[in-house]
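**Q** Provided below for reference: sequence and predicted model.
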Amino acid sequence: MPIIAAIQMVSGPSVAENLAAAADLLAQAAVSGAQLAVLPENFALMGQRGSDKLVVREVEGGGPIQTFLSEQAVRHRLWLVGGTIPLQTTGNEARARAACLLFNDQGQQAARYDKVHLFDVQIVGSAERYAESDTIAPGDHYELTETPLGRLGMAECYDLRFPEQFRALAEQGMEIMTLPAAFTTTTGQAHWEILLRARAIENQCYFIAAAQCGRHADGRETHGDSLIIDPWGTILGRQPWGPGVVLAEFSRKRLESIRQQFPVLRHRVSLLRIGSDQS
């Protein structure tokens, strides 16, 4: 059966060092037979401040980070979800897109998803505050792509809290879901595994969640615990802490069996109003 992989990293403020670390981990995944690998959110840069990403943002189709992803996909003959990288917006906007790029095993860009839901929150019970919209412009569409393993959906980090995004992809035939992330320690401890397993169960899909882990240059601490989950919600592999590779088998037979025996996607009913008609 095909092997799928989630890459966990502790990225810092040096793009060169981060790419070298990613290359080592992708090589480990490839040696183990991975045909699809997912890098974490901000794999190429976790800077000292949010604006650091604007310095390294690239134009789609060219730049050292995109070249790296393309070369890695070819070298290891795998489909590669390139975490997220900052790409330039149109016009003169002083923000970037948090772009998740999918490269095929020929090194060609096969899909692009720009993060739709931005992390603008004050963490409950904490002094932590985040404002992604200061430096990131939101995307305006979801993304679903045909791959040799199946129909692959793409989301990023905070998107996990919006089930309608995943259900929309499932209604279009999504079978594998990828989620590069950099969940905070606080929110990760509370919700990470619960939400991931829920999204996999309710949409009956394989879920590959690749996370950042550890303390970063800006003082932020990320949760880690990269996971691969099957359509029944079973955790097939995990990396609780530190950099590493999570590997699991992708079984089309199991996916189809679960969907046939427990056809919740076919049973879904959409109602147009709330409340009953008592008249």
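**A** Alright, I've got the coordinates. Just so it is clear, the structure is predicted and the values come from calculations on it, not from any experiment.
**Q** report the beta-bridge partner residues of residue 102.
**A** Beta-bridge pairing for residue 102 (DSSP bridges): residue 81, residue 111.
**Q** what does stretch 192-203 contact?
**A** Stretch 192-203 is contacted by residues 160-161, 163, 166-167, 169-170, 174, 177, 179, 183, 205-207, 209, 211, 223, 225, 227, 229-233, 235, 264-265 when judged by Cβ atoms under 8 Å, 6 or more residues apart in numbering. For the C-beta atoms, the positions are set from N, CA and C on the backbone; glycine is no exception.
**Q** just the buried ones from those?
**A** A residue is treated as buried here by neighbour count (16 or more other Cβ atoms under 10 Å); on that basis the buried members of those are 160, 166-167, 169-170, 174, 177, 179, 183, 205-207, 209, 211, 223, 225, 227, 229-231, 233, 235.
**Q** of the contacts of stretch 192-203, which belong to helices?
**A** Residues of the contacts of stretch 192-203 located in helices (DSSP state H): 163, 166-167, 169-170, 264-265.
**Q** quick one: the residues you listed as a markdown table, columns for pLDDT and distance to residue 50 too.
**A** Listed next are the ones in helices among the contacts of stretch 192-203 as a markdown table, based on pLDDT from 0 to 100; distance: Cβ to Cβ, whole Å:
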| residue | pLDDT | distance to residue 50 |
| --- | --- | --- |
| 163 | 98 | 27 |
| 166 | 98 | 27 |
| 167 | 97 | 31 |
| 169 | 98 | 28 |
| 170 | 97 | 32 |
| 264 | 93 | 39 |
| 265 | 93 | 38 |
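**Q** using TSV, lay out those residues together with distance to residue 150.
**A** Supplementary listing: the ones in helices among the contacts of stretch 192-203 in TSV, determined by distance: Cβ to Cβ, whole Å:
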residue	distance to residue 150
163	21
166	15
167	17
169	12
170	12
264	18
265	15
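**Q** so which residues of the stretch 1-150 of the chain form strands?
**A** Assigned strands in the stretch 1-150 of the chain, in chain order: 3-8, 34-38, 79-81, 85-88, 96-103, 109-114, 120-122, 129-131, 136-137, 143-146 (criterion: DSSP state E, counting those that start in this stretch).
**Q** what's the longest one packed up against?
**A** Counting contacts by 3 or more Cβ pairs under 8 Å, 6 or more residues apart in numbering; DSSP states H and E, the secondary-structure elements packed against strand 96-103 are helix 64-76, strand 79-81, strand 85-88, strand 109-114, strand 136-137, strand 151-154.
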